[in-house]
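> coords below, sequence missing:
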């Protein structure tokens, strides 16, 4: 009881302040999140997917990606060969590590090496004792995040097992995807503050504290963001991007490969792509800013109108979200509706969570606007988070060219429908006001 009160206080502090937890307190929160997921989420997913035993085999420095979702917060890698087994029975999970060590505090080791020197023999004994109907292993032709068992480990397990065990082996693809993509209430609460931190770093980057028009380069801002994240004792999961579009002769200036190294000037439309990692979750955010000229108090109306059009595309898109709809179905409908309204859209939205480009329903890629094989056919489920990533092209008469308004914000799809985790950009950030 006391432990739960302490944890609630920690999460409360995290949710309602900008304070970033120290490593010791982070470990407490992460451990509780993992315990909650194993005890309360995993039984539902194993029942849903029809797998009553999930076996995860991994080795130190060659970890199955699923291990990242379970790794004790005081560990940086798995140890030796680690085998985790989750057995589902009567709506409960029994967790066991066939390993030399307990897998943190949540998964106890049941292997006595002195009694049974062979690790796989100990695993077979446990399987025979529990007598599952289906044994899920992490192999998948189409989804890398649930294809984590190595060829060596698969062969060691499968080739030495009895035919009775072999006949029960199935791919844990669906279970792995559902495990990776589903967010608990605790994780959804944490996400709100995680997005707030991300937005605040972007606002600071898009200010004259960082950008001196005519002096600061886009690359300068990129490295400032990296350093700022380090100062906050956080991490980025990808190298940030800063680019510009401006009133010059060139199509889609932000994509010509040169704007990464430009000096930021008054009158520039500046764009960032930025995300952080904290408490096992990732953010992925794109926003835009305008560098005011000396005689300006606001961004030009034509740029604000372009942002409004991109916001409209967001609305069209997220209004199509629905339980069991596939990503390809939502993508096709959204693009057709947007084009009918006179927009010039591109949609490339991906699941977001423990991995930045996560497993789950994929809704387009920038180079796959007619649908995404396999990943785009996954049906949408509740309690899933997405980076709502897209752009809309608008012709700017004043500039005699098209520009892209590129936006990306985290959103949650749940029983009550879709919502942005912590709002979205509806006004252009002003640099120099």
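Received the coordinates, thanks. All of these numbers come straight from a predicted model, not from anything done at the bench.

> quick one: classify residue 370 as helix, strand or coil.
coil (DSSP: H, G, I helix; E, B strand; the rest coil).

> and residue 389, what element?
The secondary structure element spanning residue 389 is strand 384-396 (assigned by DSSP states H and E).

> quick one: distance of the helix or strand following that strand to the chain centre.
The C-terminal neighbour of strand 384-396 among helices and strands, as given by DSSP H and E, is strand 401-414. Mean-position distance between strand 401-414 and its chain equals 15 Å (CA atoms, centre = their mean, to the nearest Å).

> follow-up on the earlier one: show me what counts as buried in the strand holding residue 389.
Under the neighbour-count criterion of 16 or more other CB atoms under 10 Å, strand 384-396 has 384-394, 396 buried. No exception for glycine: its C-beta is placed from N, CA and C like everyone else's.

> and the contacts of stretch 212-232?
Taking contacts as CB atoms under 8 Å, 6 or more residues apart in numbering, the residues outside stretch 212-232 that touch it are 20, 197, 201, 204-205, 210-211, 235-236, 239-244, 259-266, 268, 270, 272, 274, 276, 291, 431-432.

> try 6 Å this time
Under the criterion CB atoms under 6 Å, 6 or more residues apart in numbering, residues 20, 201, 205, 210, 236, 240, 242-243, 260-266, 276, 291 lie in contact with stretch 212-232.

> stretch 60-69 now?
Outside stretch 60-69, the residues within contact range by CB under 6 Å, 6+ apart are 56, 58, 77-80, 138, 145, 148, 176, 354.

> do a quick rundown of the strands in the stretch 101-250 of the chain.
In chain order, the stretch 101-250 of the chain shows strands spanning 135-137, 169-171, 235-236, 241-245, with DSSP state E, counting those that start in this stretch as the criterion.

> return the list of strands paired to the first one, each annotated with direction.
It refers to strand 135-137. Strand pairing for strand 135-137, using DSSP bridges, gives strand 53-59 (parallel), strand 169-171 (parallel).

> and among those, the most buried is which?
Here the criterion is mean neighbour count by mean count of other CB atoms under 10 Å, and of the strands paired with strand 135-137 the winner is strand 53-59, at a mean of 24.

> pLDDT on it, on average?
For strand 53-59, the mean pLDDT works out to 95.

> can you name the next helix or strand after that strand?
Using DSSP H and E, the helix or strand that follows strand 53-59 towards the C-terminus is strand 81-89.

> buried residues in the helix or strand following that following strand, which are they?
Towards the C-terminus, the helix or strand next in line after strand 81-89, according to DSSP H and E, is strand 92-97. Counting neighbours by 16+ other CB under 10 Å, one finds that the buried residues in strand 92-97 are 93, 95-97.

> can you check stretch 195-207 too?
195-199, 201-202, 205-206.

> quick revisit: got the angle between the strand holding residue 389 and strand 401-414?
Here strand 384-396 runs at 160 degrees with respect to strand 401-414, directions being taken by axes from the mean of the first three to the mean of the last three CA atoms, to 10 degrees.

> now do strand 384-396, average pLDDT.
On average, strand 384-396 scores 97.

> cool, and stretch 213-225?
Confidence for stretch 213-225, expressed as mean pLDDT, is 96.

> report the central residue of this structure.
For the chain, the residue lying nearest the average C-alpha position, counting by CA atoms, centre = their mean, turns out to be residue 352 (2.3 Å).

> that one contacts residue 385, correct?
Yes: with contact taken as CB atoms under 6 Å, residue 352 and residue 385 are classed as touching, separated by 4.8 Å.

> tell me how far residue 337 lies from residue 368.
19 Å (CB to CB, to the nearest Å).

> what's the burial count for residue 344?
When neighbours are defined as other CB atoms under 10 Å, residue 344 has 15 of them.

> now do the contacts for it.
Residues in contact with residue 344 (CB under 6 Å, 6+ apart) are residue 393.
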